[in-house]
Every structure is written in structure tokens, then in C-alpha cells.
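**Q** Provided below for reference: sequence and predicted model.
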Amino acid sequence: MSNDMKKRIRAAYGVNRERETVDDPSYAAVCENGTFVGRQAGETIAFRGVPFAKPPVGDRRWKKPEAPDPDTRIFEAYFNGKSPIQTEWPTEVASYYPQGEDCLYLNVWVSPGFQGRKRAVMVFFHGGSYGWGGTADPLYDGQALVTAHPEIVLVTVGYRTGLMGFVDFSSLPGGEAFPDAPNLGIWDQIEALRWVHRNIASFGGDPECVTIFGESAGGGSVSILPFIPEAKGLFSRSIAQSGSVALTFSREECQGFTKRLLEASGAKTMDDLMALSEEELQRVNEAVNMFNNFPQRDGVLIPEDPYQYYAEGKTADIDLLVGTNANEMNYWIGELGGLMSYRFGIPVKYENDLKAMDAGKRKIVKKFVDRQKGHPIWRITEFYNEMMFRLPAIRQVEEHCKNGGKAYMYFWKVPSHVRFRGACHAVELAYVFGNVDETIYTGKRANKTISEMVQRMWVNFAKTGNPSTVPYRWPKYGRQYRATMIIDTNTHVEMSPKDRSRRMLQPILDEHVDMSYTEMSYNVPFVRSLAAAGALTLAAVGTAVVRGLRRG
């Protein structure tokens, strides 16, 4: 990331202050916890940094969020709330914005004359591997989308990540008082949706027409929220971009992060952790953020089989739009520091995953990889494209459809202009938000015509439950024909695309192939062969993998 971008992000910070009066009522929204005054942003009005919960600090640290107290005061809504605590990272622009524990704020974009309207509402949850991200990222700015579609209200939500949002304290003395800590980020999202339900009418939004959407970790979040009882009635549609219920960890996988947290902090009990200052937590986070957890399949909020509630019909009342990108894993070429590091790191991950499978499943994987084309690294990459992204999304949708749920599927093929990236993870974000000049993933200015097409699809789905546009008729997904919109320079519908890959790997979909590597071993054949040849040390391979494999 350039120094100019860092300065731009840091310079955008400010503190929303209390006001005595409202100068212009057309810029004000009266909510339960205050009257918020937005300001003009091009052809929209932006309300930034609106609190949707009490600050999760002090005794509320690592606890479920609480609704804000009623308030009749007047506040500016000019600046984003702080980003959640995270390490600075070049592809997570919001990490350069001021951070803090007090991060439960949302932003709202509306078109002028919003009072008294009943517009469809779109609520976005950012990605970042559940350890990074924030609403201050300019990629998520809502001005372009709402300018193009003034018939919607757009909301972007901040939530706790990493150290503060997804950590299991069950093994610590005193940890029993923090039972929700493994999934606090999800609870934050629910609290935001509750606030939206109660207050969005003040922004001209219809609380009965709410669509949630998100990418990567955000896509995983909006895949989890449809089956949570506490979220029922808060939204009716969900758009999951490159994320599914498969982006979750088991209880066992979550323990490694807790162990690292204790080692880095020197804490032995919950009292020790609660005594840490915010500054100390930020320093500890530098040592552990690369190992952060995903939401936990705790058997309470999220089932141990992440597809279970879809299979039981608990999501059938929610309309789904779900999709993945053709070259998801190529994103991690950049995260690992380039193609050379990627060629070292991914085989290590692959051999660890193979080692965890039984002989029959290893045979299926090797057969699949052998049948792919190109260099071995691209063959392995295609295995992860399928197992981590496309096939879990398909399974989620198919379980949903079994019970009468309505769903639409897409497959994104518009490529990045960055070398070796292809249609990588996150490349579609600039198109969806219409921020075509934000080139961090696209490499060059995004194609405005494709952006306009995709925005119409997303907005039509939010408004009607059907993403079809003129001239693109988008059929519903069904288990027999698997209609999929191929989004490309020649956008079209295909029936059962890449069906051979689906059929080959379907027998091993119960294997949770994810980005957990806390206990990853570097004592695998690939590394031993490199070390024997003097090409690379075990430590060097390990550093390459840890620095980037879970970013996204």
C-alpha cells in the first residue's frame, strides 16, 4: 500500500460531536439513541459512525453486545467509527484507520428526501478472515451504489474481529463467565440488525425489506445468520460472496489461538486478561492476529455440522444469492508475498490437509489434482478453489433448496489486471459497490458497464428477491439443473458448470478444508525435499505460510 493511501485513510478520522441544534432537518434522522446529523456526499447523504450498541469496553469486554440506551441528544454523524483491533496489513486498508475496542458503529447512505420513504435496505458485513477489516475501507464506501440506485438504503457495519471477536475462554479459570466469546462478531452483527430493524425507518428504509450481504468472512457471516433464531425476522434475503458456513472452526481448532494468546500476554486467568489495557491488547494482538479463529462450530449457535440447519429447513424462509470466483485462491499469491512464496507455501498446506485424510479420500484428492491442467501449483490451487469456496457454496444452496428455499447461484469470471490473479478472491467488490477506481484487487479501473450490470442484479434481488435484469434472465437454482449465472464480459447462464469437478469431490465434502494452520507441520515431503536440496529451510517455508495464508 502506498504512503498516500495510508495518509488518506488516517486523515479521514474524526470524532463525532454532540450538537445543540439541527440546522437542516433534511440531513437528520431521529433514532432511539439520538438524533444523527449526516452530510452531503455527492448525490447522497452519508451518516457515519452511528452507534448500534453500547461500547464493548470495561465489564462488557468479551461479552455479548448490549443495545444502546435511549437518548434524545443530537450528534454529528460525519466520521466512521474506529476499526476493530487488528494488525496493519497492506490489503486491509481499514487497518490503517484508528483502531480500538469501541468499534460497534455503522454507516448509512441515503438519497436526499429520504424522510417518509420505504426503501429496500442492504446491510453489508465486511470480510477480512474474521481478523481484519472495517467500514473505513474506501472500497466499501456507499456513495456510488446509492447514487446509481437511490431507491435503496445502504448500511455498512463494524463488528469485533480476531482477538476481541472470536476467542474461546472455556479452558481458563473464570472463562465460564464468557460463554459467547467464540462468536462475538456474529452477535455484534445480530445487534446491528436489531438496531436497523428498530431505526432504519428514520432513514427512509423499510424494516420489512432488508437484505444482508458480505464477502469472504462477510459471506460466511451472512451464511450463518439465516439459521440463528435471534436473527429471525431481521432480514429476508442474503447475498453471500465467496463465503459459506464452511468458513468456521471446530472447538478443537479454536484452542490453538487461546494458547497463543496466553503465551503472548502472560495471562493465566480471565481476571488477568480483563486487567490488560487497550494498548496492551493491541501489542498482544501483534503476536497472535495471524492465527485468529473463524466462528466456532460450538454446537449451540453454530452446529458441529455447519450444513445441518440448512438441511433441517431452518433457512427456508430466506432468499439466497450465493456465488464464488473462478480463481479464489490466486488472491493469496499477493498475501504470501508473490508467486515464488506461494509456490512454496501452498504445497505445505496441501500435504498437511492430505495427511489428515484417510487413504480413500487421499486417493480421490490425488485423482482430482492429477486430472487438472498446468503446473502442479495450479492443480493444487484448483483443489482449494473447489473445496474451500465453490463446493461448500453449492452444498449450502442445495441443502437450502431441498426444503423449498429459493436460491440463485453465480460464478464470477471477470479477472483482475494484476498478474497471475485471474478472477481472484475479492475482485468483485469494486464492481458491486461501483467504486471502480479502487484498484487494490482489480489492478486497473474496473469495467463500469459490468459494474452497472452487477449492481442492478444485486439491487433487484434486494428489492424483489429475483436478481434478473434486462436482458439477463436469471433462473432459480435447482438440484437437477444447477442454473448458474456466469458473470464475465459475456455474461450468460450455464447449467451445472464444472459438474465433473463437483461429482469428483462431493464424497469428501465432509472434510473441513479451511485456513486453520495453528498446528501445521512443516515436516512434510515437499519441505523435506526442498531442505535436502538446500533450496529452503523449514523456518523459511513456515514464515511464508504463516504471514499470508489465512489473509482474506
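**A** Now that the structure is in, tell me what you want to look at. Keep in mind it's a predicted model, so treat the numbers as computed, not measured. Residues are numbered from 1 along each chain as shown.

**Q** hey, where'd the helices end up in the stretch 151-300 of the chain?
**A** Taking DSSP state H, counting those that start in this stretch to define them, one finds helices in the stretch 151-300 of the chain at 162-165, 184-199, 217-224, 251-265, 270-274, 278-288.

**Q** where does the stretch 451-552 of the chain dip in pLDDT?
**A** By pLDDT under 70, the low-scoring segments of the stretch 451-552 of the chain are 515-523, 526-552.

**Q** swap the cut-off to 80 and go again
**A** Along the stretch 451-552 of the chain, segments meeting pLDDT under 80 span 514-552.

**Q** Leaving out sequence neighbours, find the closest residue to residue 312.
**A** residue 403 (7.6 Å; CB to CB, 6 or more residues apart in numbering). (Each C-beta comes from the backbone N, C-alpha and C, glycine too.)

**Q** Ok, residue 169 next?
**A** Leaving aside its chain neighbours, residue 169 sits nearest to residue 175 (3.4 Å; criterion: CB to CB, 6+ apart).

**Q** re the thing from before, out of the helices of the stretch 151-300 of the chain, flag the one nearest residue 421.
**A** Closest to residue 421 of these, according to CB to CB: helix 217-224, at 18.7 Å.

**Q** helices and strands around the closest one, which ones?
**A** If you count contacts as 3 or more CB pairs under 8 Å, 6 or more residues apart in numbering; DSSP states H and E, helix 217-224 packs onto strand 119-125, helix 184-199, strand 205-215, strand 237-241.

**Q** how about a cut-off of 10 Å?
**A** Other elements packing on helix 217-224 under the criterion 3 or more CB pairs under 10 Å, 6 or more residues apart in numbering; DSSP states H and E are strand 119-125, strand 152-157, helix 184-199, strand 205-215, strand 237-241, strand 319-325, helix 391-402.

**Q** what's the most buried one of the helices of the stretch 151-300 of the chain?
**A** Greatest average neighbour count among the helices of the stretch 151-300 of the chain goes to helix 217-224 (a mean of 28), per mean count of other CB atoms under 10 Å.

**Q** Now that one - C-alpha only, PDB.
**A** C-alpha atoms of helix 217-224 as PDB (Å, rounded to 0.1, in the frame of the first residue of the first chain):
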ATOM      1  CA  ALA A 217     -15.800 -13.500   6.200                       C
ATOM      2  CA  GLY A 218     -18.800 -11.300   5.500                       C
ATOM      3  CA  GLY A 219     -20.100 -14.000   3.100                       C
ATOM      4  CA  GLY A 220     -19.600 -16.600   5.800                       C
ATOM      5  CA  SER A 221     -21.400 -14.300   8.300                       C
ATOM      6  CA  VAL A 222     -24.500 -13.900   6.000                       C
ATOM      7  CA  SER A 223     -24.500 -17.700   5.600                       C
ATOM      8  CA  ILE A 224     -24.600 -18.200   9.300                       C
END
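
**Q** coming back round to it: mind putting the helices of the stretch 151-300 of the chain in a markdown table, distance to residue 303 included?
**A** Below are the helices of the stretch 151-300 of the chain laid out as a markdown table (distance: least, CB to CB, whole Å):
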| stretch | distance to residue 303 |
| --- | --- |
| helix 162-165 | 20 |
| helix 184-199 | 14 |
| helix 217-224 | 10 |
| helix 251-265 | 12 |
| helix 270-274 | 27 |
| helix 278-288 | 27 |
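
**Q** export these to CSV and tack on mean pLDDT and distance to residue 36?
**A** As requested, those are arranged in CSV below (pLDDT from 0 to 100; distance: least, CB to CB, whole Å):
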stretch, mean pLDDT, distance to residue 36
helix 162-165, 98, 25
helix 184-199, 98, 9
helix 217-224, 98, 24
helix 251-265, 96, 36
helix 270-274, 98, 32
helix 278-288, 97, 26
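
**Q** among those helices, which is nearest residue 384?
**A** Closest to residue 384 of the helices of the stretch 151-300 of the chain is helix 217-224 (CB to CB; 15.9 Å).

**Q** when you compare where that closest one runs with where strand 319-325 runs, what's the angle?
**A** For helix 217-224 against strand 319-325, the angle by axes from the mean of the first three to the mean of the last three CA atoms, to 10 degrees is 150 degrees.

**Q** how much does helix 217-224 deviate in direction from helix 391-402?
**A** Helix 217-224 runs at 30 degrees relative to helix 391-402, counting by the same axes, to 10 degrees.

**Q** List the contacts of the nearest residue to residue 286 once chain neighbours are set aside.
**A** Closest residue to residue 286 apart from its sequence neighbours, by CB to CB, 6+ apart: residue 87 at 5.7 Å. Counting by CB atoms under 10 Å, 6 or more residues apart in numbering, residue 87 makes contact with 95, 99, 131-132, 162-163, 282, 285-290, 292.

**Q** Would you mind giving the residues you listed as CSV with distance to residue 348 added?
**A** Below are the contacts of residue 87 laid out as CSV (distance: CB to CB, whole Å):
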residue, distance to residue 348
95, 26
99, 31
131, 21
132, 22
162, 23
163, 26
282, 30
285, 25
286, 24
287, 22
288, 21
289, 20
290, 15
292, 20
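
**Q** out of the residues you listed, who's nearest residue 82?
**A** residue 99 (5.6 Å).

**Q** Could you give the number of residues near the closest residue to that closest one other than its chain neighbours?
**A** Sequence neighbours aside, residue 83 is the residue nearest to residue 99 in space, at 4.8 Å (criterion: CB to CB, 6+ apart). Residue 83 is flanked by 28 other residues according to other CB atoms under 10 Å.

**Q** need the contact list for residue 83.
**A** Residue 83 sits next to 9, 13, 92-100, 103, 126, 128, 132-137, 158, 161 when contact means CB under 10 Å, 6+ apart.
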